[in-house]
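J.: next input, structure requested:
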Amino acid sequence: KMSALDQVRLDGVLAAAMRLREVSTVTPLELHHNISAEFGAQVYLKREDLQRVRSYKIRGAYNKMVSLSEAEGAKGVVCASAGNHAQGVALSCAKLKIKGTIFMPMTTPNQKVDRVRSFGESYVDIRLVGDTFDDANTAAVAMAKSEKIAFIHPFNDQKIIEGQATVGLEILNASTKPIDYLFIPVGGGGLAAGVSTVFAELSPETKIIGVEPTGAPSMSESIKQNKVVALSKIEKFIDGAAVQKVGCLTFPICRAHLHDMVTVDEGSVCQTMLKLLKNDALVVEPAGALAIAVLKQFRKEITGKNVVSIVSGSNNDFNRLAEFKERALLYAGLKHYFLVRLPQRAGALKEFLTEVLGPDDDISFFEYTKKNARENGLAIVGIELQSPKDYAPLRERMIARNYYYDYLNEKPDLLYLLT
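T.: From the prediction side, this is the model:
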């Protein structure tokens, strides 16, 4: 049996690039002036957010589907996805006139379902099944087995990896200088496996760093344990890169070719997204910002160097903007939630506002119900600060006046119910 490293080869990637000329955009590699100035480096962004489906996923999906035999194509395809992979498969179905069934969780926002439907035109049948991606995936795999039709996996497939690898070819074609560092977002590892294969052969001196969310470090853990590890629990916040288990094909390739595998806090990703939106009118999805948010961790290493970060997508749900802002403030130490002991007497709240809050502190959340039989009542209070330095004095004033009860920022399960 061929190893994964032998399966995914440069000739396969070059063939994929030829096939993709019909459907995929050769996206720009742009020098980003603000980020370059911030890090004292030449930072280039590979703008996969400019694909028609707003992510690189069209590359792998189309390369896989165009490679099916006529008989396989005639039977149709099936996949499961709540995001970018579904859009890539849907557009490929319309382009190749192949019928596709796409399973999505019932919790998928309507906007995403509508986008998949519009790309797939009359060729795609969307089925909403279960509450999670795993439920939808189980249903899709079952249908592929029972009806003996091709299952289009989001990452663990030679043709998918070779399609995503064309991003690497384009970076090297567009770059006029040697690339010192390349940062790649990692979910299941299809993009990282493909692009790192191209670089291992054509630019072996480039240091390739894979980047995952802190809440879903499935590739980091697998590399650490030297085997594919299924995480029991993941945080789904960065949905484009939150995968419980990486691919048995992508893992050995990433282990062989990545120089390092690091994680970035979800709050830091939110800060980066909001900064790109504010300073550059650049809309990226959380997974799309991973390879930019990570630069803070490599400040020393990248000074004066040529750096490429892959912006993997911009399928953003603007209904989540408040959530992104909240995560960014929590991460920056500017938003704090407390359970506060409020004496049940007239004037207690006024006293809290005047005696405990600092001059620049702002209440952003307050919930309290008076219970007559008790001396004290618990209030949930969210406080926004101007500077992280204001936190310690605020807490001291609360404790000194016997208002303090519990700090919720350190209790993610409780905090999740509020934010």
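J.: quick check: residue 126 vs residue 88, distance?
T.: Distance of residue 126 to residue 88, computed by CB to CB, to the nearest Å: 14 Å. C-beta: built from backbone N, CA, C; applies to glycine.
J.: err, residue 304, not the other one
T.: Separation of residue 304 from residue 88 (CB to CB): 37 Å.
J.: also residue 360?
T.: Noted for residue 360: a distance of 47 Å to residue 88, by CB to CB.
J.: just want to know which of these two has more residues nearby.
T.: residue 88 (34 against 10; other CB atoms under 10 Å).
J.: so what's the more buried one scoring on pLDDT?
T.: You'll see residue 88 listed with a pLDDT of 97.
J.: for it, what are its contacts?
T.: For residue 88, the contact set (CB atoms under 8 Å, 6 or more residues apart in numbering) comprises 53, 55, 57, 58, 59, 60, 61, 62.
J.: next one: residue 169
T.: Contacts of residue 169 by CB under 8 Å, 6+ apart are 13, 14, 17, 198.
J.: which among these end up buried?
T.: With burial judged by 16 or more other CB atoms under 10 Å, the buried subset of the contacts of residue 169 is 13, 17, 198.
J.: wait, a strand at the first one?
T.: Put plainly, it is residue 13. No: under DSSP: H, G, I helix; E, B strand; the rest coil, residue 13 falls outside any strand and is assigned helix.
J.: once you drop chain neighbours, what's closest to it?
T.: Spatial nearest neighbour of residue 13, chain neighbours left out: residue 165 (4.3 Å); criterion: CB to CB, 6 or more residues apart in numbering.
J.: burial count for the nearest residue to residue 207 once chain neighbours are set aside?
T.: In this structure, residue 207 finds its nearest non-sequential neighbour in residue 259, 4.3 Å apart by CB to CB, 6+ apart. By other CB under 10 Å, the residues close to residue 259 number 12.
J.: any idea how far residue 322 is from residue 259?
T.: Per CB to CB, residue 259 is found 37 Å from residue 322.
J.: secondary structure element for residue 243?
T.: In the assignment (DSSP states H and E), residue 243 maps to no helix and no strand.
J.: repeat that for the one 10 residues further on.
T.: In this structure, residue 253 is located in helix 250-257 according to DSSP H and E.
J.: by contact count, what packs against that helix?
T.: Judged by 3 or more CB pairs under 8 Å, 6 or more residues apart in numbering; DSSP states H and E, the packing partners of helix 250-257 are helix 4-7, helix 190-202, helix 218-225.
J.: determine which stretch of these is the most buried.
T.: Mean neighbour counts were taken over those using mean count of other CB atoms under 10 Å, and the top value, a mean of 26, falls to helix 190-202.
J.: helices or strands up against it?
T.: helix 10-20, helix 158-174, strand 181-185, strand 207-213, helix 250-257.
J.: now mean pLDDT and distance to residue 192 too, for the ones you listed, in JSON lines please.
T.: Shown next, in JSON lines, are the helices and strands packed on helix 190-202 (pLDDT from 0 to 100; distance: least, CB to CB, whole Å):
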{"stretch": "helix 10-20", "mean pLDDT": "96", "distance to residue 192": "14"}
{"stretch": "helix 158-174", "mean pLDDT": "98", "distance to residue 192": "9"}
{"stretch": "strand 181-185", "mean pLDDT": "98", "distance to residue 192": "5"}
{"stretch": "strand 207-213", "mean pLDDT": "97", "distance to residue 192": "5"}
{"stretch": "helix 250-257", "mean pLDDT": "97", "distance to residue 192": "5"}
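J.: show me where the protein has strands.
T.: Residue ranges of the strands in the chain, as given by DSSP state E, are 29-31, 42-47, 77-80, 100-104, 124-128, 150-151, 181-185, 207-213, 260-264, 306-311, 335-343, 362-367, 376-384, 404-407.
J.: quick one: strands adjacent to the fifth one?
T.: The strands beside strand 124-128 in its sheet (DSSP bridges) come out as strand 100-104 (parallel).
J.: ok, back up a step: the contacts of residue 169 into CSV, with extra columns for distance to residue 169?
T.: Listed next are the contacts of residue 169 as CSV, based on distance: CB to CB, whole Å:
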residue, distance to residue 169
13, 6
14, 7
17, 6
198, 6
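J.: so residue 302 sits right up against residue 292, yeah?
T.: No: between residue 302 and residue 292 there is no contact under CB atoms under 8 Å: 12.0 Å.
J.: more crowded one of those two?
T.: Neighbours were counted for residue 302 and for residue 292 using other CB under 10 Å; residue 292 has more, 26 against 21.
J.: what sits against the more buried one?
T.: Residue 292 makes contact with 35, 45, 183, 272, 276, 284, 309, 311, according to CB under 8 Å, 6+ apart.
J.: try it again with 7 Å
T.: Shown in contact with residue 292 (CB atoms under 7 Å, 6 or more residues apart in numbering): 35, 272, 309.
J.: and the residue most central in space within the chain, how close does it get to residue 186?
T.: Residue closest to the average C-alpha location in the chain (CA atoms, centre = their mean): residue 287, at 2.3 Å. Per CB to CB, residue 287 is found 9 Å from residue 186.
J.: name the residues contacting each of these two.
T.: residue 241.
J.: any stretches of the protein with poor pLDDT?
T.: 1-2, 370-375, 416-419 (pLDDT under 70).
J.: now with 50?
T.: Judged by pLDDT under 50, the chain has no weakly predicted residues.
J.: what distance do you get for residue 77 to residue 21?
T.: Counting by CB to CB, the gap from residue 77 to residue 21 is 22 Å.
J.: neighbour-wise, which of the two wins?
T.: In this view residue 77 and residue 21 are compared by other CB under 10 Å, and residue 77 has more residues nearby, 26 against 9.
J.: that one contacts residue 100, doesn't it?
T.: Yes: taking contacts as CB atoms under 7 Å, residue 77 lies within contact range of residue 100: 4.9 Å.
J.: between the two, which contacts overlap?
T.: Shared contacts of residue 77 and residue 100 (CB under 7 Å, 6+ apart): none.
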